[in-house]
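> predicted model and sequence below, questions to follow.
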Amino acid sequence: MSRTIIACFDDQARADSAIGDYAAWAARQIKAPLCLLHVLEQKTITHEDYSGQIGLGTRERMLEERTEEEGRVIRQAREQGRLMLEALKTRLTDERLAPQVQQRHGALAPTLREQCTSEDLLVLGRCGHQHSQNHQNQGDEDTSLGAHLEDLAQHLDIPMLIAPARFRVPARAMVAFDGSDRGLEQLSRLVKWGWLEGLEIHVVHVSEPANSQPAARGAELLAAAGLDAKPVTLEGDAGRKLPAYAREQEVDLVAMGAYGHSSLRRFLMGSTTHKLLEAMPSAILLMR
């Protein structure tokens, strides 16, 4: 089955978004086609309710005006999205990459379930536009998750690359490895797809008490595939230790399974998913 990189944008995305840059990097890294997808979600324009104060004719006229206004807003958003996609396509196209563009209108999660297969990779922004506006107004760095990201990360059975606000060409990768058979399968897929080619690789295992065998096992698998990797053993809670190590080592790309470390599973399956994802300073490749 063919694999496609699908970069997803909402109606507030910009043509210089880091989502596009990470998606283009991924497409070149694993040699897959790139699709730039703009999802226009249904928005309802709210009006005050004067139903008890006005006559039938007036209510009908106001309903018609509301319908016309909603249609105008949707057409405007669709056109803005089209222009954004075309600008992105122009910026990202080169001799190695010729992105396709698509627009869809509907709820985000069902649209992505229809659009993506389990072999595809979905690229999403970490920062929701509303959060971004709030942080910019406060002068803070934007580290908020998009409004839908936590739910998608938990329930959408598709590999995801979660992009931070700013693009940095990945040079150093950290693989969060739990030592399980499923973790080895995910590590093998990273190798098979070419995600780790040309990168400095750290295979990191976190446990309590510390156990050096899983990281060594993961590094051996990579060595057998011709990739040099540094095995790293940390003691403590994965939700705290992994982000701290990523910051300390200036990691550009973190690869982890959606399920793995028992302490990691509590973050990825519970209501605190965002705490781990927000704590990571880099792009996150969430495997399945």
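Nice, thanks for sending it over.
> residue 222 against residue 231, yeah?
No - if you go by C-beta atoms under 8 Å, residue 222 and residue 231 don't touch, sitting 9.4 Å apart. Just so you know, the C-beta spots here come from the backbone N, C-alpha and C atoms, and that holds for glycine as well.
> what do these two both touch?
Residues touching both residue 222 and residue 231 (C-beta atoms under 8 Å, 6 or more residues apart in numbering) are residue 203.
> for the stretch 51-200 of the chain, just list every one of the strands.
Using DSSP state E, counting those that start in this stretch, the strands of the stretch 51-200 of the chain run over residues 100-105, 121-125, 160-163, 172-176, 200-207.
> measure residue 107 to residue 36 for me?
Distance of residue 107 to residue 36, given as C-beta to C-beta, to the nearest Å: 20 Å.
> for these two, indicate the residue with more neighbours.
Ranked by neighbour count (other C-beta atoms under 10 Å), residue 107 and residue 36 place residue 36 first, with 26 against 13.
> just list the residues touching that one, thanks.
With C-beta under 8 Å, 6+ apart, residue 36 has these contacts: 7, 9, 20, 23, 85, 88, 89, 92, 99, 100, 101, 102.
> again, 10 Å this time
Counting by C-beta atoms under 10 Å, 6 or more residues apart in numbering, residue 36 makes contact with 5-9, 13, 19-20, 23-24, 84-86, 88-89, 92, 99-103, 123.
> can I assume it sits in a strand?
Yes - assigned with DSSP: H, G, I helix; E, B strand; the rest coil, residue 36 falls within a strand.
> need the pLDDT of it.
Looking at residue 36, its pLDDT stands at 96.
> beta partners for it?
residue 7, residue 101 (DSSP bridges).
> tell me the spacing between it and residue 104.
Residue 36 is 12 Å from residue 104, by C-beta to C-beta.
> where do the helices sit along this structure?
18-29, 56-92, 108-115, 129-138, 149-155, 181-193, 213-224, 238-248, 262-269, 273-279 (DSSP state H).
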